[in-house]
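*Asks:* this is a predicted model, with the sequence first.
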Amino acid sequence: MAPPKVQALALVDCNNFYVSCERIFRPDLTHVPMVVLSNNDGCVVSRSNEAKALGVKMGAPWFECTALAEQHGILAMSSNYALYADMSNRVMNILSEFSPRSEVYSIDECFVDLTGTPKMREVSYAMRERIGMWTGMPVCVGIGPTKTLAKLANHVAKKHPRSKGVFNYNALTPEQKTQLLAHIPVEEVWGVGHKLTQKLARHGVHTVQDLRVAHVPTLRAEFGVVMEKTQRELQEVPCIELQEIQPERQQIICSRSFGGMVTELDVLKDALSTFAANACAKLRAQNSHAAVIQVFLQTNRFRKELPQYMPSLAVPLPYPTHDSLEVNRWASYLCERMFKPDYQYKKAGIMLSEISPVTRRQGDLLEPETTSNAKLMLALDQLNQRYGRGTVKVSTQGAFKGWQMRQERKSPNYTTCWDAIPVV
């Protein structure tokens, strides 16, 4: 009887994704130390290798890095989410050609099932080469029998130049696996953060190999079943399945920190109108509707010298809906109920819950049936998909600019806007 095939999961991870997206269209920045900042140009969310070498930390507030940036010429860019989403889709479409089974794990990571693939190493290098040739995106490939080990293999592929961007954990002997894991700190394991690393250290667990051979009952009693699953994954027992179809969202939140302080009701309603439109578009994309809407406002909790006020109101709708006009009316009403003029607001948002398929609709004996705007919403979505989000919008959107995100260093939308297409 032939032994069962060992699962071979490849984790394909884009290197310094946001920075790489910017460099694809600006090759003059290839060796320049640079970072990409979060919303409102707040914190560092992506770093080039040059910036890492200079000591720029992930998540560091940019104002704390300005002295270092001036000293070493570090370039900071605002986040260009339209560009990043489009480049991600291009990479994921290429990867789908190499296997019928894959899982898009995040904007820059994808698990690809290569189990049974002949000449696996050659196929892995072919993935890197095709992605690099067709998109310009640098990627690394880590192959392992479980998701957790594939993540670790990808870590090795990135850190060790001899791997040339591809590392196959399955190709190692048992002795080589033990030696490798004994040299990797436990904090590199998927799901093990800083606090968990400290707790594990108190139990004598410092490396991945220590965690792999730790006493199972003690580990489960102290850290729970999730840590036990992680340990079993390190022991090559698959516990985290490949999710080929993403489950539909049961809750949708659209919110944003404002570019400046907001004190006027109309400006808040303008922002919530945009959030309602975006949330409803996501609802319609998964063919669902929501029965509960919640709106919240927040002042700046980091400004202790200012008065604080963080209200939230939720209302069950008479009928579930995905109609942007109806949700916008409710959001505006809730905003009016909560607004107080004596506060400076820094953030607002909308949350839709009690989400169900549009084919499931519960009637109400006491409330009259509302008129459906399904055809209008379909036309709105089609126009926005064709000409760009926000091309057609509710009249209450976009009248005020004071709340909108600060993006002083944003690059053009090279791949999603006709006017921004690079010219040679």
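*Replies:* Perfect, thanks for sending it. Residues are numbered from 1 along each chain as shown.
*Asks:* and the residue lying closest to residue 92 once chain neighbours are set aside, which of the three is it?
*Replies:* Counting by Cβ to Cβ, 6 or more residues apart in numbering, residue 92 lies nearest to residue 104, which is 5.3 Å off, once chain neighbours are set aside. Placement of C-beta: from N, CA and C, glycine included. Residue 104 carries the three-state label strand when classified by DSSP: H, G, I helix; E, B strand; the rest coil.
*Asks:* now do residue 104 against residue 73, distance only.
*Replies:* Going from residue 104 to residue 73 by Cβ to Cβ, to the nearest Å gives 36 Å.
*Asks:* neighbour count winner among the two?
*Replies:* For residue 104 versus residue 73, neighbours defined as other Cβ atoms under 10 Å are more numerous around residue 104 (18 against 11).
*Asks:* which residue ranges of the stretch 201-350 of the chain form helices?
*Replies:* Along the stretch 201-350 of the chain, the segments classed as helices by DSSP state H, counting those that start in this stretch run 208-212, 216-223, 225-234, 265-285, 324-338.
*Asks:* and of those, who's closest to residue 98?
*Replies:* helix 225-234 (23.1 Å; Cβ to Cβ).
*Asks:* contacts only, for the residue nearest to residue 92.
*Replies:* Residue 104 makes contact with 92, 110, 246, according to Cβ atoms under 8 Å, 6 or more residues apart in numbering.
*Asks:* the last one and residue 105, how far apart?
*Replies:* Put plainly, it is residue 246. 10 Å.
*Asks:* which of these two has more residues huddled nearby?
*Replies:* residue 105 (16 against 9).
*Asks:* just the pLDDT at the closest residue to residue 73 other than its chain neighbours, thanks.
*Replies:* Nearest non-adjacent residue to residue 73, counting by Cβ to Cβ, 6+ apart: residue 33, 6.8 Å away. You'll see residue 33 listed with a pLDDT of 96.
*Asks:* so, low pLDDT: which residues of the stretch 1-150 of the chain?
*Replies:* Scanning the stretch 1-150 of the chain for pLDDT under 70 picks out 1-4.
*Asks:* quick one, helices of it?
*Replies:* Using DSSP H, counting those that start in this stretch, helices in the stretch 1-150 of the chain cover 17-25, 49-53, 66-72, 81-95, 120-135, 147-159.
*Asks:* residue 397: which of the ones you listed is closest?
*Replies:* helix 81-95 (17.4 Å).
*Asks:* quick one: buried residues of that closest one?
*Replies:* 82-84, 87-88, 91-92, 94-95 (16 or more other Cβ atoms under 10 Å).
*Asks:* widest-spaced pair of those?
*Replies:* Of all pairs in the buried residues of helix 81-95, the most separated under Cβ to Cβ is 82 and 95 at 21.0 Å.
*Asks:* how is the protein partitioned into domains?
*Replies:* Domain assignment for the chain, taken from automatic domain parsing, gives 9-168, 173-234, 252-361.
*Asks:* out of those domains, flag the one nearest residue 409.
*Replies:* Across these, residue 409 has its closest neighbour in domain 9-168 (4.3 Å, Cβ to Cβ).
*Asks:* any idea how far that closest one is from the middle of the chain?
*Replies:* Distance, stretch centre to chain centre, for domain 9-168: 13 Å (Cα atoms, centre = their mean, to the nearest Å).
*Asks:* how long is it end to end?
*Replies:* 10 Å (Cα to Cα, to the nearest Å).
*Asks:* pLDDT on stretch 227-240, on average?
*Replies:* pLDDT averaged over stretch 227-240 gives 92.
*Asks:* got it, and stretch 344-355?
*Replies:* Here the average pLDDT along stretch 344-355 is 94.
*Asks:* and that stretch, what's buried?
*Replies:* Those would be 345-353, 355, for stretch 344-355 by 16+ other Cβ under 10 Å.
*Asks:* and stretch 194-213, by the same measure?
*Replies:* Buried residues in stretch 194-213 (16+ other Cβ under 10 Å): 196-197, 200, 205, 207-212.
*Asks:* would you format these as a markdown table with distance to residue 269 and pLDDT included?
*Replies:* Shown next, in a markdown table, are the buried residues of stretch 194-213 (distance: Cβ to Cβ, whole Å; pLDDT from 0 to 100):
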| residue | distance to residue 269 | pLDDT |
| --- | --- | --- |
| 196 | 43 | 90 |
| 197 | 45 | 91 |
| 200 | 49 | 91 |
| 205 | 52 | 92 |
| 207 | 54 | 94 |
| 208 | 52 | 94 |
| 209 | 57 | 94 |
| 210 | 55 | 93 |
| 211 | 51 | 93 |
| 212 | 55 | 94 |
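*Asks:* tell me the two of the residues you listed that are most distant?
*Replies:* Largest pairwise distance in the buried residues of stretch 194-213, by Cβ to Cβ, is 16.8 Å, between 196 and 209.
*Asks:* if we can go back for a sec, need the domains of the chain in CSV (columns: distance to residue 382).
*Replies:* Output for these, formatted as CSV (distance: least, Cβ to Cβ, whole Å):
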stretch, distance to residue 382
domain 9-168, 18
domain 173-234, 40
domain 252-361, 11
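*Asks:* between those domains, which gets nearest to residue 403?
*Replies:* domain 252-361 (4.3 Å).
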